[in-house]
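Peer 1: what follows is a predicted protein model with its sequence.
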Amino acid sequence: MTTALGTTARTGEHCPESGVWEVVGTPSTTAPIAKGNIMPPYAGKAATWRLIRLA
């Protein structure tokens with residue numbers, strides 16, 4: 001079963017699904033993150049990431 005688009009994960013959590021993730025807020029960025037990897041910080045700070053495209 002795949003995780004739904006729009007799912008969120010925070011810095012330090014394990015990525016629930018491989019795909020392209022976008023930082024919620026401004027400034028924003030996107031990054032490909034593989035399932036099981038640790039969600040990274042953005043601009044040196046904790047961030048909430050939203051799944052926007054499945055791998």
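Peer 2: All right, it came through fine.
Peer 1: residue boundaries of the strands in this protein?
Peer 2: 8-10, 19-23, 30-33, 48-54 (DSSP state E).
Peer 1: of all those strands, which one is nearest residue 42?
Peer 2: Proximity to residue 42, assessed across the strands of the chain by C-beta to C-beta, is greatest for strand 19-23 (4.9 Å). For glycine as for every other residue, the C-beta is placed from the backbone atoms N, C-alpha and C.
Peer 1: which helices and strands sit right next to the closest one?
Peer 2: With contacts defined as 3 or more C-beta pairs under 8 Å, 6 or more residues apart in numbering; DSSP states H and E, the packing partners of strand 19-23 are strand 30-33, strand 48-54.
Peer 1: hey, which of those is tucked in deepest?
Peer 2: Stretch with highest mean neighbour count among those: strand 48-54 (a mean of 17; mean count of other C-beta atoms under 10 Å).
Peer 1: can you give me the angle that strand makes with strand 19-23?
Peer 2: Put simply, strand 48-54 runs at 150 degrees to strand 19-23, going by axes from the mean of the first three to the mean of the last three C-alpha atoms, to 10 degrees.
Peer 1: okay, now the unreliable bits of the protein?
Peer 2: Using pLDDT under 70 as the threshold, the predicted model of the chain has low-confidence ranges 1.
Peer 1: excluding its backbone neighbours, what's nearest residue 30?
Peer 2: Leaving aside its sequence neighbours, residue 30 sits nearest to residue 22 (C-beta to C-beta, 6 or more residues apart in numbering; 4.7 Å).
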